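**Student:** Structure for the following, please:
(3 chains)
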Amino acid sequence: MKANVMLELILKDWRLQRRMIVLTIVAGTAALAMLLIGGQTPLVVGIVFYFVSMVFCACLLPMQNIVNERKKQTLSFVMSLPVSAARYGAAKLVSTVGMFLIPWLALLCAALYMILIRHSLPNGAIPAGLIIMNFPLIGFCLITGTALVAESEGWGTAAMAVVNSSYWLVWYLLVSHVPSLHETWSAPVAVWSPPVFKILGVEFAIIVLTLGVTLYLQSRKRDFI
Amino acid sequence: MTDCAIELNGVCKSYPFFDLHNIDLQLQPGTIMGLIGPNGAGKSTTIRILMGLVHQDSGEVNVLGHSMPKGQIDAKWDIGFASEDMRLYDSMTLGWHIHFMKSIYASWDDAYSQLLLKRFGLNAEQKVKGLSHGQRVKASLLLVFARRPKLLVLDEPTTGLDPVARHEILRELTAVMVEDGRSILFSSHNTQDVEQISDQITFIDRGRIIDSMDKEIYLDRWRRLRLEVPDGVALPTLPGVIGVQKAGRLAVAIANAFEPHLPNAYETSGARVRAVENMTLEEIFVANVEHSREEVKA
Amino acid sequence: MHTVYVQMFVISQTDKRALYLQIMEQIKQKIAVGDWATGQAIPSIRQLASDIGVSVITVKRAYLELERGGLIVTRQGKGCFVASDSDVGARIREQELAQHLEQAVRSAAMMGVSPKNLEKRIRAIYDRVTDEEKEPV
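**Tutor:** Numbers count the residues shown, from 1 in each chain, chains lettered A, B, ... in the order given. As a prediction, this is how the structure comes out:
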């Protein structure tokens, strides 16, 4: 029975990056804990740092897991194993996205806990909160796709810069053009309006599209090293 | 047909500033081939093509019976590859890398890897980032050797190693040959190493193969003749002699297709042959490259 | 310091002679002194190549030449052996003499020394050497 090389590669990536994942969860959770203090300042600081820890992971994980393979010259070592460029790319995508989803889901649950159980924020914040939580996820997919396809630190950094500067702009545009978004977020009840569903749908589509295009472009590569 | 361990037929690859042109290469199973050539000659590119890491523009590549790059996954189960620019994960220990290889390759020989750790003076507990250059190279090679692969493809395995480390590596390379049917292709600048352990030597320069043959036959074909040329004697142009350098009444002729009657041919013309010397592979290397570049210019 | 028993093949890259000749020389010495006894099995080509740390093809060539000179024999399926006639040592010394003579004659021919002159000179050397041996050292 031949070993499953792709699985071993994914496990290897986890072994190499797990510290960062744990740190992200700890940082995000600590930020959320600030909300328990009560008051406006801890609330804002907590939410900001909560968001920042997600963004931090969204930037650093693709750079360390993908760009570093080439930068630190471990790519030849991996490609000497019984694996093709296409399989390598697929395993890398799975490990990177999979590893990001761990803190993302964990912090999402932590936020829902704070809202539903601890009542640190009104339930009306949930739809908007979910939309905002997707920002680092989309940003992450864009950075990951760029890093994997372009294979360069320069392009990865450029993607990071573009993505990071866009979060606030996109949020501003959404808030100014979709009134139902901020009208209801102080409400005690979560309001799931059609615009909210549309936005969530678009976010999901962007994620799927980004990952799909990445896989396609990766499989077309002729010179891998 | 292909019972060769490696076979390249008419392989071409174009880059903006470099072309690999019509590469024909055959590695017989159970032998060691040394690939030598100047920097930028195309050694690493050729090796990457046969590993399936780079797609050739044209030509066939067969490694262990698999067509490359299509069959690279199957082929790589039996190939051990190490290159000079390859690195391990520096935050992990050598022991972790050994465990990683073990979880992939069933052929991993634990006893042999323990022996090599001792022979190479390596500590499995040590993180890769703490290793010196020589130790790192030996670590990468250990990960290849302990799998006992059918084919070893090594890009500059002894470059940058101190004499003791080089000796250790050469020893393991020749030990591979005790098992019939295992083959090695390695590229090197170190002509001494190539001369010592290769069964076959392949010379590459500027993207072309200029020689590829049995080492003993090859070394036998090259001679340096030291001649005394009295005034008024014109040295004849003889077949098999690729160059003559003359200063005053002394001359040196380099032959790449030496025949026993060659000295006589010079004697007949009036010159005196003072010595007929064997050439080291390094001397052959330089003479060969200079000669083939002149030929291309002409 | 204790004695270490090894195969004792030492090859030199700076030796002017080809590798295979050095190996042949050392094998002949082993046979001449009796370390490799007549009729004894000797390492296979691959094993010896690994022991010395040289290419298989070089050892193959050395073995081929030695077999041609009647010093070793290869038995199909059984391996390689030192030739089993008792005067192998003498045969080695005979071959060495032949080699030396060949070299000397070639040098002389290249320098244009006549056969008669050569004979005279060999005789002179022979007389000198045997006289040296008669005198007490």
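**Student:** And chain C, split by domain according to the record?
**Tutor:** C:19-82, C:88-134 (automatic domain parsing).
**Student:** Which of these has the lowest mean pLDDT?
**Tutor:** In terms of mean pLDDT, the lowest-scoring of these is domain C:88-134 (a mean of 86).
**Student:** now the end-to-end length of that one.
**Tutor:** The first residue of domain C:88-134 is 29 Å away from its last residue (CA to CA, to the nearest Å).
**Student:** longest helix of the chain?
**Tutor:** Using chain A here. helix A:85-116 (DSSP state H).
**Student:** switch to chain C, that's the one I care about
**Tutor:** helix C:88-111.
**Student:** what's the domain layout of chain B?
**Tutor:** B:6-213, B:223-278.
**Student:** got these as CSV, with mean neighbour count and distance to chain C columns?
**Tutor:** Any C-beta I mention is one placed from the backbone N, CA and C, and that applies to glycine too. Listed next are those as CSV, based on neighbours: other CB atoms under 10 Å in any protein chain shown; distance: least, CB to the nearest CB, whole Å:
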stretch, mean neighbour count, distance to chain C
domain B:6-213, 19, 4
domain B:223-278, 15, 6
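**Student:** among these, which is nearest chain A?
**Tutor:** In terms of CB to the nearest CB, the element of the domains of chain B nearest to chain A is domain B:6-213, at 3.8 Å.
**Student:** near chain A, anything from the closest one?
**Tutor:** Yes. Shown here: domain B:6-213 in contact with chain A (CB under 8 Å from any CB of the partner chain) through B:48, B:51-55, B:69, B:72-74, B:76-77, B:79-83, B:85-92, B:96, B:100, B:103-106, B:140.
**Student:** Please narrow those residues to those residing in strands.
**Tutor:** Among these, DSSP state E puts B:79-83 in strands.
**Student:** coming back round to it: okay, the domains of chain C, which one's buried deepest?
**Tutor:** With neighbours taken as mean count of other CB atoms under 10 Å in any protein chain shown, these reach their highest mean count in domain C:19-82, at a mean of 18.
**Student:** what about it, how long is it end to end?
**Tutor:** End to end - CA to CA - domain C:19-82 spans 21 Å.
**Student:** likewise stretch B:124-136?
**Tutor:** Per CA to CA, stretch B:124-136 runs 12 Å from first to last residue.
**Student:** Can you show me the strands along chain C?
**Tutor:** Assignment of strands within chain C using DSSP E yields the ranges C:41-42, C:72-75, C:79-82.
**Student:** all helices of the chain, in order?
**Tutor:** No chain was given, so I picked chain A. Remark: helices assigned in chain A by DSSP H are A:5-33, A:40-62, A:68-71, A:75-79, A:85-116, A:125-150, A:153-177, A:179-183, A:194-219.
**Student:** wrong chain, I was asking about chain C
**Tutor:** Under DSSP H, chain C gives helices at C:19-33, C:45-52, C:56-68, C:88-111, C:115-134.
**Student:** Could you do chain B as well?
**Tutor:** With DSSP H as the criterion, chain B has helices spanning B:43-50, B:72-76, B:94-104, B:110-119, B:133-145, B:163-176, B:191-197, B:215-221, B:262-269, B:281-297.
**Student:** Which one of these lies nearest to C:A41?
**Tutor:** Nearest to C:A41, of all the helices of chain B, is helix B:163-176, at 20.7 Å by CB to CB.
**Student:** hmm, back to that, is it possible to export the strands of chain C to a markdown table including distance to B:S198?
**Tutor:** Output for the strands of chain C, formatted as a markdown table (distance: least, CB to CB, whole Å):
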| stretch | distance to B:S198 |
| --- | --- |
| strand C:41-42 | 24 |
| strand C:72-75 | 24 |
| strand C:79-82 | 23 |
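**Student:** Looking at these, which is nearest to chain A?
**Tutor:** Here strand C:79-82 is closest among the strands of chain C (CB to the nearest CB), at 37.1 Å.
**Student:** which residue packs closest to the residue positioned nearest the centre of chain C, ignoring adjacent ones?
**Tutor:** Centroid-nearest residue in chain C: C:E25, 3.8 Å away (criterion: CA atoms, centre = their mean). Spatially, and ignoring its direct neighbours in sequence, C:E25 is nearest to C:R17 (7.8 Å; CB to CB, 6 or more residues apart in numbering or on different chains).
**Student:** quick one: A:R118 and chain B, what's the gap?
**Tutor:** Separation of A:R118 from chain B (CB to the nearest CB, to the nearest Å): 38 Å.
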